[in-house]
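>>> Fold the following for me, if possible:
(chains A and B, ligands or ions: 1)
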Amino acid sequence: MEINVKDLVQSFIDGDQEAFAQLIGRFKKRVYSVAFQMLGNHLDADDVTQEAFVRIYNRRDQLKNVDYFASFLMRIATNYAIDLIRWKQKGFVSIDADKDIPGSPKIELVDKADRPDQILENKELLDIIKQAIKRLPPRQRITVILHDLEGFSKKEVAGILQCPQATVRSNLHIARTKLRKWLQKDDKGR
Amino acid sequence: MFCRQVQSHLDDYILNQINKELFDQIDNHLKECLDCRKRLQTNKQLILELQSIKTPDPGDYYWQQIEESILAKTLGVNNEKAELPDRVKAEPISIIQRYLIPLAASFVLLFGAIMLFNSIQSQTQFSSQATNGSSPYILAEKSAELSEKSDSQIFTAIVAAAPGSLGRHLIFTNISGGSR
Ligand SMILES: [Zn+2]
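As a prediction, the model looks like this:
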């Protein structure tokens, strides 16, 4: 029978290594997925995932309530991911254009006329949306990723980002409005 | 309800994240307002596209390896006294295994190489003497003798280096590569 997460977390806090191993097994894919969507590549996603688990291990004494393990872990992961994004924005490593600058044509236009294939078009559209997500400032980006891509509820997102649900709601609204605007502009540009 | 109000709730309406009363009000407005219906379609498309973005799976090998890597980091650095789960327990390597055996193997290797070099040098002298005016048959016979002789030296070196498998491998590779 599978041990429930609460019991595992309690054992983990009490210093049980096997419980920690099991928690890694249960949460690694979720952490990796959020990190991948935030940073857009495997190496950074791997870095964030490993670092998040190492950090929660070191801070396990701060886990007063077993219910908060998942949001605590995701918070550590997203904070680290945001740090990485900001670090890259400062120009230490230039991988992608990441600043939300109004009017800057960062989305690559795709010439649809040569490619009538519908599947290819959908793939292209997804790529364009992914690029557009990268243009969002980190807090809006993480909100969209957690809520719309990864399916966390507004309450869960608020718990992870440690902000009121109203902030989540407004960040989502602003982010989606920007995305729509950019995508429409992109569409007209074709 | 005004269009502005309706449009501010459209995403929640699409995701069914509003109460019944508000849902019905928006529903009624949409039946009458073409602008908001168009807006609904645009919003719906983006939300569906966002939901369809999937993370590529790096594969089972990665998932296994990342788990081991995290465990090694946390157990190795922060909690040396903690008991290791079976999967991360490494076989203990003694100082003898780690340092002395490779050292011994290196000496044997050096010794073997010197012996072999001397033997090849003397046999090369012999071969060049034999080439002058000898029949191909005699040459072949001498060559066989030569290879037999160096084989026995290789064997000696291998036996001497037996405990250090890396040393043995190196000796065998070097000698066989050099003499044949
Ligand atoms: Zn309207």
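
>>> pLDDT score for the closest residue to B:Asn28 other than its chain neighbours?
Leaving aside its chain neighbours, B:Asn28 sits nearest to B:Met1 (7.9 Å; criterion: CB to CB, 6 or more residues apart in numbering or on different chains). C-beta here means a position set from N, CA and C on the backbone, and glycine is covered the same way. Looking at B:Met1, its pLDDT reads 86.

>>> Buried residues, the helix or strand bottoming out on mean pLDDT in chain A. List them.
One helix or strand of chain A scores below all others by mean pLDDT, DSSP states H and E: helix A:118-135, with a mean of 82. By 16 or more other CB atoms under 10 Å in any protein chain shown, the buried positions in helix A:118-135 come out as A:124-125, A:128-135.

>>> so where do the helices sit in chain B?
With DSSP state H as the definition, chain B shows helices at residue ranges B:3-14, B:20-32, B:34-51, B:60-73, B:95, B:101-131, B:136-160, B:165-179.

>>> In terms of mean pLDDT, which of those ranks lowest?
helix B:165-179 (a mean of 41).

>>> for stretch A:149-165, what is the average pLDDT?
Mean predicted lDDT for stretch A:149-165 stands at 96.

>>> Buried residues, it. List them.
Result for stretch A:149-165 [16+ other CB under 10 Å]: buried residues A:149-150, A:152, A:154, A:156-161.

>>> How about stretch B:62-71?
Of all the residues in stretch B:62-71, those buried under the rule 16+ other CB under 10 Å are B:66-67, B:69-71.

>>> Can you spell out the domain ranges of chain A, please?
Using automatic domain parsing, the domains assigned to chain A come out as A:1-105, A:107-190.

>>> Out of these, which is closest to the ion?
Comparison of those against the ion by CB to the ion identifies domain A:107-190 as nearest, at 16.6 Å.

>>> wait, does that closest one make contact with chain B?
Yes: counting by CB under 8 Å from any CB of the partner chain, chain B is contacted by domain A:107-190 at A:125-126, A:129-130, A:144, A:148-149, A:151, A:154, A:172-173, A:176, A:179-180, A:183.

>>> Quick check: the two most widely separated of the residues you listed?
Farthest pair in these (CB to CB) is A:Leu125 and A:Lys154. Separation: 26.1 Å.

>>> Number of residues surrounding the residue nearest to B:Asn28?
Here the number of neighbours of B:Met1 (other CB atoms under 10 Å in any protein chain shown) works out to 14.

>>> Now do the contacts for it.
Residues near B:Met1 by CB atoms under 8 Å, 6 or more residues apart in numbering or on different chains: B:25-26, B:28-29.

>>> Helices of chain A, start to end?
A:5-13, A:17-39, A:42-58, A:69-89, A:118-135, A:138-144, A:154-161, A:165-188.

>>> B:Thr42: what's it in contact with?
Contacts of B:Thr42 by CB under 8 Å, 6+ apart are A:Arg180.

>>> re the thing from before, hey, least reliable of the domains of chain A by pLDDT?
domain A:107-190 (a mean of 82).

>>> my guess is B:Leu10 contacts B:Ile26, does it?
Yes: if you go by CB atoms under 8 Å, B:Leu10 and B:Ile26 touch, sitting 7.5 Å apart.

>>> got the contact list for B:Phe23?
Per CB under 8 Å, 6+ apart, neighbours of B:Phe23: B:13, B:16.

>>> How much space separates it from B:Asn16?
In this structure, B:Phe23 and B:Asn16 are 8 Å apart, going by CB to CB, to the nearest Å.

>>> returning to what we had before: out of the helices of chain A, deepest packed?
helix A:138-144 (a mean of 23; mean count of other CB atoms under 10 Å in any protein chain shown).

>>> For that one, list the C-alpha coordinates in CSV.
C-alpha atoms of helix A:138-144 as CSV (Å, rounded to 0.1, in the frame of the first residue of the first chain):
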residue,chain,number,x,y,z
PRO,A,138,9.1,36.7,-14.0
ARG,A,139,6.1,37.0,-11.6
GLN,A,140,3.5,37.1,-14.3
ARG,A,141,5.4,34.3,-16.2
ILE,A,142,5.4,32.0,-13.2
THR,A,143,1.7,32.7,-12.5
VAL,A,144,0.7,31.8,-16.0
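
>>> Identify the residues contacting it?
So helix A:138-144 is contacted by A:34, A:38, A:78, A:81-82, A:85-86, A:100, A:133-134, A:136, A:157, A:161, A:168, A:171-172, A:174-176, A:178-179, B:50 (CB under 8 Å, 6+ apart).

>>> what's the answer for stretch A:146-154, then?
With CB under 8 Å, 6+ apart as the test, stretch A:146-154 has contacts from A:30, A:33-34, A:37, A:74, A:78, A:156-157, A:160-161, A:165, A:168-169, A:172, A:176, B:17, B:47, B:50-51, B:53.
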